[in-house]
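Undergrad: structure for the following, please:
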Amino acid sequence: MDSVLPVYLATVAAPGEDAFSVVSLFTEADWIVQLVLFGLLGMSVTCWAIVVNKYNALTRASRESAAFSELFWKSRRLDQVYEQAGRFPASPIAAVFKAGYVELSKLTTGGDQTGGMDLGLTENIERALRRTQGTEQVQLERLTTFLATTGSTAPFIGLFGTVWGILRAFQKIGATGQATIQTVGPDIAHALVATAVGLLAAIPAVMAFNYFNSRIRAMAGEMDGFASDFLNIVKRHYRGR
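TA: This next block holds a predicted model:
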């Protein structure tokens, strides 16, 4: 008993060179597993940069759209609204309004503004509004596809690293003829950390994509509603002339 105790205490006091370390899981892994891990880390860092950028952009767009809508409905003249629309560069609703107003100005300046032009006038304006809506929605959705791609592929990339690490462990068993934890433990650990990193990259990416997608759909609905309201205003105005 007295001879065993010193050995046990020495083992606890000095973990030794084989102590568990997250860094060692990267540095001691096979080069294929290292490539997988660095690729997943790169995807994760890129996703977080996109999340921060997209959150700021959508927040600004939402805030400016609310301010522009308030300005639009309080104003009595479209030309006054157009003069102040430049104050809201991030607002997709302001961009839709400017496109519709510019088209309205082109069609009415120096032309016949009788009721006979009403159908062609509104059709041209509607095309301009829909075209700008599409452009603004594409801009809002920019970079979000990378989040979806990361969310769908990162677990499989991590799984590839896991399968490769397990294959390496079986190769060592076959070469040494031993299935001890000392033989296969490091490769199994490297294999499992690849799956863990893949999930750590994928889960936030999927959550962020779903969140941004819901906000973009809401803004698309706001643009569609504003375009319809703008067309109704134009129709009422020219029918009354």
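Undergrad: just give the number of residues close to the spatially closest residue to residue 107 that is not a sequence neighbour.
TA: Closest residue to residue 107 apart from its sequence neighbours, by Cβ to Cβ, 6 or more residues apart in numbering: residue 121 at 5.2 Å. C-beta here means a position set from N, CA and C on the backbone, and glycine is covered the same way. Neighbourhood size, residue 121 [other Cβ atoms under 10 Å]: 21.
Undergrad: quick one: the helices in the chain?
TA: 4-13, 22-27, 31-74, 78-84, 92-108, 118-141, 144-176, 181-239 (DSSP state H).
Undergrad: thinking again about what came up before, my read: the residue nearest to residue 107 touches residue 231, true?
TA: No: here residue 121 does not reach residue 231: they are 10.2 Å apart, not a contact under Cβ atoms under 8 Å.
Undergrad: how far away is the closest residue to residue 99 other than its chain neighbours from residue 73?
TA: Nearest residue to residue 99 in three dimensions, chain neighbours excluded: residue 132, at 3.8 Å (Cβ to Cβ, 6+ apart). Residue 132 is 20 Å from residue 73, where distance means Cβ to Cβ, to the nearest Å.
Undergrad: those two: who's more crowded?
TA: For residue 132 versus residue 73, neighbours defined as other Cβ under 10 Å are more numerous around residue 132 (21 against 9).
Undergrad: distance of the more buried one from residue 234?
TA: 15 Å.
Undergrad: what's the answer for residue 66, then?
TA: From residue 66 to residue 234 the distance is 23 Å (Cβ to Cβ).
Undergrad: most centrally placed residue in the chain?
TA: Geometric centre of the chain, nearest residue: residue 144, 3.3 Å, by Cα atoms, centre = their mean.
Undergrad: ok, that one - contacts?
TA: Residue 144 sits next to 50, 54, 209, 212-213, 216 when contact means Cβ atoms under 8 Å, 6 or more residues apart in numbering.
Undergrad: now with 6 Å, please.
TA: 209, 212 (Cβ atoms under 6 Å, 6 or more residues apart in numbering).
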